[in-house]
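Student: no sequence on hand, only this structure:
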């Protein structure tokens with residue numbers, strides 16, 4: 001490994017990029033996000049074990065989803081790809097898309113809010129945790145943060161405003177800027193995903209039509225950004241214009257790969273999310289229809305009159 005001339009404690013791989021080097025367990029000097037991923041996974045698993053120990057049910061699939069999200073978070077920021085992401089647009093774009101489109105759905109489908117309410121004790125420190133959680137559900141800040149007028153523009157600004165301006169080049173030239181962007185991507189992805197997929201208690205839950213509309217707004221604009229990057233004939237981010245010569249990387253070809261990732265890889269998780277929304281919508285509509293049919297049968301006056309007639313006949317026959 002060799003140090004890069006960058007403002008902050010970072011290390012850059014010396015080997016040319018490859019799948020093996022991307023996935024090699026190579027932590028940065030200050031592995032902030034990998035530690036966050038490990039802590040979140042440990043807390044979630046402790047909560048699940050606590051619920052199971054009391055004899056209550058908790059979904060193994062939800063547990064697997066959340067822990068997988070934590071594992072992906074650790075790998076994408078704690079393996080060798082983090083070092084390559086400091087020099088290659090394609091590697092950084094893969095990290096961004098994973099932090100925004102892959103990790104958040106896995107975490108949200110784990111229903112961490114519901115687990116928090118079930119696993120946290122109602123005494124001692126747990127009492128204050130529950131009070132804070134309930135305050136978050138009832139606060140105006142939660143409603144604003146999860147409102148489509150806030151979370152969709154924030155999501156799209158992470159692409160258009162960042163890369164179609166000098167902002168990305170300036171931020172990615174420092175360790176703090178690089179780390180801050182990764183945290184922003186993760187938070188933006190979570191804020192976008194929660195209203196669409198979450199079954200946890202929310203300040204103002206959306207209906208299925210609103211959730212589908214959010215996805216239909218995001219998907220084409222997201223794909224269009226990828227096309228812009230692929231068609232660009234000049235480097236868009238100054239921080240990605242000087243990879244080590246020994247890597248043999250063509251900057252424009254690498255940028256085109258980044259655009260292709262935004263157009264393809266970025267759309268796949270969005271499509272899966274949309275299918276989940278439609279699947280849930282269909283199931284809930286079927287349940288509502290079944291319940292309505294049962295109520296109709298129970299309240300049918302003609303059927304009630306016929307049943308009463310049969311009872312009278314039975315009474316006469318017994319008499």
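Tutor: Sure, I can see it. All figures in this text were calculated on a predicted structure; none of them were measured in a lab.
Student: low-confidence ranges in this structure?
Tutor: Where the chain drops to pLDDT under 70, the residues are 1-5, 7, 291-310, 313-319.
Student: remind me, longest helix of it?
Tutor: The longest helix of the chain (DSSP state H) is helix 267-298.
Student: same for that one, what does it pack against?
Tutor: helix 103-109, helix 175-197, helix 208-231 (3 or more C-beta pairs under 8 Å, 6 or more residues apart in numbering; DSSP states H and E). The C-beta positions use only the backbone N, C-alpha and C, and glycine is treated the same way.
Student: after the last one, next one along is what?
Tutor: Going back to what we said before, that points to helix 208-231. Next helix or strand after helix 208-231 toward the C-terminus (DSSP states H and E): helix 251-263.
Student: now do the buried residues in that following helix.
Tutor: For helix 251-263, the neighbour count (16 or more other C-beta atoms under 10 Å) marks 251, 254, 255, 256, 257, 258, 259, 260, 261, 262, 263 as buried.
Student: check stretch 17-34 too.
Tutor: Residues of stretch 17-34 classed as buried by neighbour count (16+ other C-beta under 10 Å): 17, 21, 22, 26, 27, 28, 31, 33, 34.
Student: ok, stretch 186-206 next?
Tutor: Per 16+ other C-beta under 10 Å, stretch 186-206 contains these buried residues: 186-198, 200, 203, 206.
Student: between the residues you listed, which sits nearest residue 272?
Tutor: Set against residue 272, the nearest of the buried residues of stretch 186-206 by C-beta to C-beta is residue 197 (10.0 Å).
Student: dump the residue contacts of that closest one.
Tutor: Contact analysis of residue 197 by C-beta atoms under 8 Å, 6 or more residues apart in numbering lists 105, 108, 109, 211, 273, 276, 277.
Student: tell me how far the longest helix of the chain lies from the chain's centre.
Tutor: When C-alpha coordinates are averaged (C-alpha atoms, centre = their mean, to the nearest Å), helix 267-298 and its chain have centres 22 Å apart.
Student: in that helix, which residues are buried?
Tutor: Quick answer for helix 267-298 (16+ other C-beta under 10 Å): 267, 269, 270, 273, 274, 276, 277.
Student: quick check: the first one vs residue 81, distance?
Tutor: So that's residue 267. Taking C-beta to C-beta, to the nearest Å as the criterion, residue 267 is separated from residue 81 by 21 Å.
Student: list the contacts for the residue nearest to the spatial centre of the chain?
Tutor: Centroid-nearest residue in the chain: residue 104, 1.5 Å away (criterion: C-alpha atoms, centre = their mean). Contacts for residue 104 were tallied using C-beta under 8 Å, 6+ apart; they are 69, 186, 189, 190, 192, 193, 194.
Student: swap in 6 Å and give it another go.
Tutor: Listed by C-beta atoms under 6 Å, 6 or more residues apart in numbering, the contact partners of residue 104 are 189, 190, 193.
Student: possible to save the residues you listed as JSON lines with distance to residue 230?
Tutor: Shown next, in JSON lines, are the contacts of residue 104 (distance: C-beta to C-beta, whole Å):
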{"residue": "189", "distance to residue 230": "22"}
{"residue": "190", "distance to residue 230": "28"}
{"residue": "193", "distance to residue 230": "26"}
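Student: out of those, which is nearest to residue 246?
Tutor: residue 189 (33.8 Å).
Student: my guess is the closest one contacts residue 98, does it?
Tutor: No. Applying C-beta atoms under 6 Å, one finds residue 189 not in contact with residue 98, separated by 9.2 Å.
Student: list the buried residues for stretch 213-225?
Tutor: 214, 215, 218, 219, 222, 225.
Student: and that stretch, how far from the chain's centre?
Tutor: Stretch 213-225 sits 16 Å away from the centroid of its parent chain (C-alpha atoms, centre = their mean).
Student: residues touching it, excluding its own?
Tutor: 148, 152, 156, 159, 196, 262, 263, 266, 267, 270, 274.
Student: do stretch 138-147 as well
Tutor: Residues contacting stretch 138-147 (C-beta under 6 Å, 6+ apart): 136, 150, 191, 194, 195, 203, 204.
Student: out of those residues, which comes closest to residue 44?
Tutor: residue 194 (16.0 Å).
Student: and the closest one, how far is that from residue 112?
Tutor: 10 Å.
Student: what about stretch 47-67, how long is it end to end?
Tutor: 12 Å (C-alpha to C-alpha, to the nearest Å).
Student: quick one, helices of the stretch 51-200 of the chain?
Tutor: 60-78, 80-84, 89-97, 103-109, 112-119, 125-138, 140-145, 148-157, 160-163, 167-171, 175-197 (DSSP state H, counting those that start in this stretch).
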